[in-house]
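K.L.:
Pasting the sequence and the predicted model now:
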Amino acid sequence: MSQCPRDHSIMSSSVVQRMPRLLFLLLLLLPSPDAVMTSSPLTSRRSRVPNASACLQAATPDGGLTVRCSGLRLTQVPVGLSNHTTRLFLNKNLISSLPVGCFSHLLLLDELDLSHNMLSSLQAGCFSSLSSSLRYLDLSSNRLSALDPAVFVGLQVQANLTHNPWHCDCSMQLSMPQLNLDLSSLSEVVCRTSDLPNLGAVGLSLVLLLEDWDLCRSVRRTTDVLTLVTMFLWFVMLLSYFIYYIRQNQGVARRHFDYLKFLQSRDPFNNSRPF
């Protein structure tokens, strides 16, 4: 009867001795956390470049292709677009930039819709390959504030530039005559902000601003006025310091003058006596 508890204690001690070895084997069989994170479908979906296969495609009567990628929350132009694409709709996405050459293979593209995205600036050359085919460009409802003529070099398109926070200043006014855009593209472009808002440029159409306003002259005039005011203030400060310096040293100068008079009065060779 006393042997059973002894056997039980022996078995328990052997299990305890084998526990570290069992734990080590279990750790070897379990997958590493890095492998689990790497194989996560969410991570792979985020790192994947958007493909044109997710877009709706339809053939046109002239043998072209209409591709609609609207509302897919794309962050960049999808890859794999057909060379026969003539109409491309990328509106209502999250595209914030257009790299140079992103449309280089779409030599037949006639219409491009990039409205309702997050474009805040355009790189020069992003539309360079579309100069011979593109006729309509929609950039409305983005975050564009300035127009760079280098972006539209060679393009002769009708562009929709409305509903952007355009900043009307001297550089904008100088760049407008260099654009090859249709004038109707600028008729509804409204200045959201300006360097000189008190002049009434905010809320005006860009075409009216070009015809009736000269923001560059206004800027130069304002700069000249500021320069004159600065020079006047500098002169007043210099004059004030000069007057302050004289008043502060007037007492010292008076004491020196009195001392010189005192020395002159005590000079025995300075006393004149009649012969």
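P.N.:
Done, it's in. Residues are numbered from 1 along each chain as shown.
K.L.:
Flag the shaky bits of the protein, pLDDT-wise.
P.N.:
1-49, 180, 182-183, 196-201, 210-213, 217-226, 228, 251, 266-275 (pLDDT under 70).
K.L.:
Domain-wise, how is it divided?
P.N.:
48-213, 223-262 (automatic domain parsing).
K.L.:
Please tabulate the ones you listed in TSV, including the columns mean neighbour count.
P.N.:
Using the backbone N, CA and C atoms, a C-beta is placed for each residue, glycine as well. TSV is the format used below for the domains of the chain (neighbours: other CB atoms under 10 Å):
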stretch	mean neighbour count
domain 48-213	17
domain 223-262	10
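K.L.:
Report all helices and strands that the lengthiest helix in the chain contacts.
P.N.:
Counting by DSSP state H, the longest helix found in the chain is helix 215-265. Counting by 3 or more CB pairs under 8 Å, 6 or more residues apart in numbering; DSSP states H and E, the packing neighbours recorded for helix 215-265 are helix 170-175.
K.L.:
In this structure residue 99 contacts residue 126, no?
P.N.:
Yes: contact criterion CB atoms under 8 Å: residue 99 and residue 126 qualify, at 6.9 Å.
K.L.:
Test my guess that residue 60 contacts residue 66.
P.N.:
Yes: using CB under 8 Å, residue 60 makes contact with residue 66 at a distance of 5.8 Å.
K.L.:
Can you pull the residues that touch both of these two?
P.N.:
86-87 (CB atoms under 8 Å, 6 or more residues apart in numbering).
K.L.:
in this protein, which spans are helices?
P.N.:
Listed in chain order, the helices of the chain (DSSP H) span residues 3-29, 33-38, 41-47, 170-175, 206-212, 215-265.
K.L.:
dump the residue contacts of residue 120.
P.N.:
Residue 120 makes contact with 96, 142-145, according to CB under 8 Å, 6+ apart.
K.L.:
Check residue 117 too.
P.N.:
Residue 117 touches 90-96, 141-142, counting by CB under 8 Å, 6+ apart.
K.L.:
now it, nearest residue through space, not along the chain?
P.N.:
Nearest residue to residue 117 in three dimensions, chain neighbours excluded: residue 95, at 4.4 Å (CB to CB, 6 or more residues apart in numbering).
K.L.:
Next, give phi and psi for that neighbour.
P.N.:
Note on residue 95: its backbone torsions stand at phi -70, psi 130 [degrees, to the nearest 10].
K.L.:
Run a quick check on it versus residue 74, I expect a contact.
P.N.:
Yes: applying CB under 8 Å as the test, residue 95 and residue 74 come out as touching, 6.1 Å apart.
K.L.:
Give the closest residue to residue 147 in space, chain neighbours not counted.
P.N.:
Leaving aside its chain neighbours, residue 147 sits nearest to residue 175 (5.6 Å; criterion: CB to CB, 6+ apart).
K.L.:
Now for that neighbour: which residues touch it?
P.N.:
147-149.
K.L.:
just residue 69 next, same as before
P.N.:
50, 52, 54-56, 78, 88-90, 93.
K.L.:
Repeat the analysis, applying 10 Å as the threshold.
P.N.:
Applying CB atoms under 10 Å, 6 or more residues apart in numbering to residue 69 gives the contacts 50, 52, 54-57, 77-78, 81, 88-93, 95, 113.
K.L.:
In strands only, show me those residues.
P.N.:
56-57, 88-89, 113 (DSSP state E).
K.L.:
Rebuild the residues you listed as TSV, extending it with distance to residue 191.
P.N.:
Output for the ones in strands among the contacts of residue 69, formatted as TSV (distance: CB to CB, whole Å):
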residue	distance to residue 191
56	37
57	39
88	30
89	29
113	24
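K.L.:
about what we covered before: output the contacts of residue 117 in TSV, with distance to residue 131 appended to each entry.
P.N.:
Formatted as TSV, these follow (distance: CB to CB, whole Å):
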residue	distance to residue 131
90	19
91	22
92	26
93	24
94	27
95	21
96	24
141	25
142	21
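K.L.:
Can you verify my assumption that the residue nearest to residue 117 contacts residue 75?
P.N.:
Yes: assessed by CB atoms under 10 Å, residue 95 is found in contact with residue 75 at 6.3 Å.
K.L.:
what residues are shared contacts of the two?
P.N.:
In contact with both residue 95 and residue 75: 50, 117-118, using CB under 10 Å, 6+ apart.
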